[in-house]
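> Sharing a model that was predicted from the sequence below.
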Amino acid sequence: MEKIIDIIKEYSEVSDYKISKVSTQSYELFFVHTSLETVRSTSTTDRTVTIYVDHDGKRGDSVFSVYASTTEEELRGKIELAIEKAKLVNNQSYTLPESETLDEEIYSNMSEYAPKDLAYEIAKACFAANEEQSGSINALEIFVNKISVRVVNSRGVDKQEHKYKAMVEAIPTWTENAESVELYECYNFSSFDFETVKAEIQGKMQEVKDRYFATKPAVNPTCPVVLNAPEIRELLWTLVSQLHYGTVHSHSNAFKKDDVLQTSDCDKLTVTLRGKIEGGSANALFDGDGVTLVDTKVIENGKVISYYGANRFAQYLGEKVTGNLPCIQLAKGSVSVAEMQSNPYFECVSMSGLQVDVYNDYIGGEVRLAYYFDGEKRVPLTGISISGKLSEALNHLNLSEETTTSNDYFGPKKALLGKISVI
Amino acid sequence: MAFSEFLDGKRGEIKQLIAELSPYFSYVSVLATDVKASQVMANRMNSAINEGAASECGFVVKMNDGRSFFEYSTDDIGGDKKALAQEILQSLEINPDLHKDMITANPIADDPLVQSFERPCDFDDYSPEQLIDYCKNIKDKLLAMDAHVVNAVCSLNFFTVSKLFISNDKELDQFYSWANAYATVVYKDGDKMVQAREGTYSNLMREALGGLPALLEKLVTKAKKLSTAKPIEPGVYDCITDPSITGLIAHEAFGHGVEMDQFVKDRALAKEYVGKYVASPICNMHDGAAAAFSTASYFFDDDGVLAQDTQIIKDGILVRGISDLTSASELKTSPTGNGRRQSYKRKAYARMTNTFFEKGNDKLEDMIASIKHGYMLFETNNGMEDPKNWQIQCTAEYGIEIIDGKLTDNYVAPVVMSGYVPDVLKSISMISDDFQVIGSGSCGKGYKEWVRVSDGGPALKVRVKLA
């Protein structure tokens, strides 16, 4: 990196520069059923250089990559081309973050394992989750990553963070009488606990068993819909994407500050974007500009109170720089899961993907497994969809008191939404 | 523009590395990639000329010794090859308890072949200044067309791919390019805000750029119509799909379901249906990098297998699937040239390329006229596969209501189509005599491993659940 900086400094037309370096060491295991099909390891470094050129009262920038193979002559050529390109870009001026240094490891117990042993322990935890003869894990992929990120700029920023991430992609399957069903599980985590991983997969094993016995209902239920943490997460990120400085600056935001998203007497959304959450898989200390992440409450009691985002668009909008915040937290609700499930409900356990369209006021999607409780008994259902108006669903919302972490989300385990049709 | 000089200069070093690893493995190959991606963009407030995120330059070594496969990805193979080989072997050690769990692989057919492939590319004919001016001009035209256009974006995404594949018996290299030009508007009428887009694509920049201006009026008109769109009344309807939605059905319904690495894992119901009717007898479906010319048209795949045209469904009967080298080895079949990686950093899987239904004999106007009440569905938003249980979800950007055999002015958005795959495919009752493959798609496997794909075909008449 120092060599790159020395060469950039030779070009007087360069007003500023930023260099990002991401080094990744990974160890990966791929199982077919319980057999080890493929073993992979990677050792890669991505270096990205941004050249800024101030011209005609404007600021232009251009980004290029530098590889291990890039020669000094090629690097000079890339810098000169980037200067030429940046001169063609006439964006409103902005400054880079200044004079901050950091070199920190985000603690994870995964640092205590050799990668091959950690991957093996994760595999053991996953396979231990299947305790029934009709159950199987037909495919299992395990990714263990050690990632180091460094951002340096011409204004004195030099920050490094070192972190661990693991991902499990598992296909729990249930087979009886030569018929078989499966569910898809993608589980991200940043600290390893054998029993936690086992419990996560065990939950999916129970769900896939239920999917096997699930039927298409003769009459579609008419009752509130329950979403679990992964779908609540999808819904929230779609909502807050409207509040990103970049979206606001491009006039593409469907919501704006002071808009009230919920007017009825229901559990109100209070959403905080954060740099880190307990056990989160996307935790970070700074963003791609090297900006220290500032936790920011964007929705409070159902009302938009703030925007968030990176350095450049924050300056354009005259807002504080929060950084590109990677984690989302939703305040807990007013009802327990037990209370929520004491009346008829339709719980979406596995979906093809929750579809949320803020422009067309839509929420819906295909449900692969649901639990329907009619007030007396709970039965698994499949072959159904949900569909409704997003604004109405948000105004008929209850959130659970119990909280959980799911990937980059921390908040209520379950949400109960009214005014959504099961079809 | 031509094949990467950097990769060309690495042939000797790659062969040295293969020689160092060959005592340990019966099969060793190296795929080297040099992808140069670019993005040029202008909107109302900003512009950009950057290298694209898809740019990469690196190496992946693939090895097999009759049991498990081993892969090592790196951006640097410089230096002493004996030391690098030892570093690779060390990094791929497994916990001793796993040795008993390794698969037994069948011998890999690695037929001798030395060949170079190159497709014409005109990107050097365009300077950054010309391209940014083009984007600004399109953006200005869109903003001037209607006061309700609150933002307009013109973006160009283009890339060149150089790949070098070397094994003990093969030495292949390829160079090709692709360009996408997009125009997007944000249209606001009262409280209703919508986004709409149009795009063009080609291996040649002049064709990608040349097609877009003619679509601008259509784009703004569409945005205006979409601002009037209402939610659809959920139900089961007779529908006509545009080529984009036809392709999405092909992709989600049967494309993922015939990726044969899913056969190995017993993840695809299709495995049990080879030779059986899975669709209406008027349906014929293909996939292959050589099946159509579009964004996923390469000369050889990331396993060094030449591109092919695989007929998946013939007259409604499932004929065969698509495979990468590893799954073909496990199934004792021939690989079909569908081994693809998101990048050199990722594993190769069996993946779709250009996936489409063949055209039929019906006129589109006759198909629309045959519907008493239904919808014509347009433009892929997203979709999700379920190869084991044959459920699909396909989301269209919008639909237009058909009443008494005529398209109306009634727009609905968004439209989520779902159902049981055989029900959807067996409901196909008419197929139009026109054909288009949309060269601007990308596809994940599960929720990761993104690769560029195209989908398409003619218009289909189907009966599906919409919500």
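That came through, no problem.

> got the contact list for residue 43?
By default, I'm working from chain A. Counting by CB atoms under 8 Å, 6 or more residues apart in numbering or on different chains, A:Ser43 makes contact with A:24-25, B:72-74, B:91. (Each C-beta comes from the backbone N, C-alpha and C, glycine too.)

> right idea, wrong chain: chain B
Neighbours of B:Asn43 in contact, by CB under 8 Å, 6+ apart: A:250, B:139, B:151-154.

> follow-up on the earlier one: helices - which of the contacts of A:Ser43 land there?
Members of the contacts of A:Ser43 lying in helices (criterion: DSSP state H): B:Ser91.

> can you put the contacts of A:Ser43 in TSV and add distance to A:Ser154, pLDDT and neighbour count?
What follows is the contacts of A:Ser43, written out as TSV (distance: CB to CB, whole Å; pLDDT from 0 to 100; neighbours: other CB atoms under 10 Å in any protein chain shown):
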residue	distance to A:Ser154	pLDDT	neighbour count
A:Thr24	26	97	17
A:Gln25	29	97	16
B:Tyr72	36	98	25
B:Ser73	32	98	24
B:Thr74	30	97	22
B:Ser91	36	97	20
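
> possible to save the contacts of A:Ser43 as a markdown table with distance to A:Asp54?
Shown next, in a markdown table, are the contacts of A:Ser43 (distance: CB to CB, whole Å):
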| residue | distance to A:Asp54 |
| --- | --- |
| A:Thr24 | 34 |
| A:Gln25 | 38 |
| B:Tyr72 | 44 |
| B:Ser73 | 39 |
| B:Thr74 | 38 |
| B:Ser91 | 45 |
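
> how about the residues of the stretch 201-350 of chain B near chain A?
B:229, B:231, B:234-235, B:264-267, B:326, B:330, B:345, B:347 (CB under 8 Å from any CB of the partner chain).

> Could you give me the PyMOL syntax to select whichever of the residues you listed are buried?
Entered in PyMOL, the line below selects the buried ones among these, by 16 or more other CB atoms under 10 Å in any protein chain shown:
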select buried, chain B and resi 229+231+234+264+265+266+267+326+330+345+347
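
> How about the residues of the stretch 301-423 of chain A by chain B?
A:316, A:352-353, A:355, A:357, A:359-362, A:364-366, A:368, A:382-383, A:385-387, A:389, A:421, A:423.

> where do the strands sit along the stretch 251-400 of chain A?
A:271-274, A:296-300, A:303-304, A:327-330, A:345-351, A:355-357, A:362-373, A:378-381, A:384-389, A:397-399 (DSSP state E, counting those that start in this stretch).

> Report whether the helix or strand A:Asn145 falls within contacts chain B.
Using DSSP states H and E, A:Asn145 sits in strand A:135-153. Yes - Strand A:135-153 is in contact with chain B by CB under 8 Å from any CB, via A:138-139.

> and that strand, which strands flank it?
strand A:16-32 (antiparallel), strand A:158-176 (antiparallel) (DSSP bridges).

> Just the mean pLDDT for the longest one, thanks.
Pointing back at strand A:158-176 there. What strand A:158-176 shows for mean pLDDT is 96.

> now do stretch A:288-297
For stretch A:288-297, the per-residue pLDDT averages 96.

> cool, stretch B:274-282 as well?
92.

> Redo the strands paired with strand A:135-153 as CSV? Include distance to B:Thr246.
Formatted as CSV, these follow (distance: least, CB to CB, whole Å):
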stretch, distance to B:Thr246
strand A:16-32, 33
strand A:158-176, 29
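
> And those strands: which comes nearest A:Asp117?
strand A:16-32 (9.5 Å; CB to CB).

> Export that closest one to CSV, keeping only CA atoms.
Output of strand A:16-32 as CSV, limited to C-alpha atoms (Å, rounded to 0.1, in the frame of the first residue of the first chain):
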residue,chain,number,x,y,z
ASP,A,16,-7.0,13.4,-2.7
TYR,A,17,-6.8,9.6,-2.7
LYS,A,18,-8.3,6.7,-0.8
ILE,A,19,-7.0,3.1,-0.8
SER,A,20,-9.0,0.2,0.5
LYS,A,21,-7.3,-3.2,1.1
VAL,A,22,-9.4,-6.3,1.9
SER,A,23,-7.4,-9.5,2.7
THR,A,24,-9.4,-12.7,3.1
GLN,A,25,-8.2,-16.1,4.2
SER,A,26,-11.0,-18.7,3.9
TYR,A,27,-11.4,-22.4,4.6
GLU,A,28,-14.4,-24.1,3.1
LEU,A,29,-15.9,-27.6,3.3
PHE,A,30,-18.6,-28.9,0.9
PHE,A,31,-20.6,-32.0,1.9
VAL,A,32,-22.9,-34.1,-0.3
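
> Can you name the secondary structure element that comes next after it?
Next element after strand A:16-32 (DSSP H and E): strand A:35-55.

> now that next one, how far from the chain's geometric center?
Distance of strand A:35-55 from the chain centroid (CA atoms, centre = their mean, to the nearest Å) equals 19 Å.

> Counting neighbours, which bits of that strand end up buried?
A:35-53.

> now swap in stretch B:413-432 and tell me
B:413-422, B:424-428, B:430-432.

> With stretch B:230-250 instead?
Buried residues in stretch B:230-250 (16+ other CB under 10 Å): B:231-232, B:234, B:237-250.
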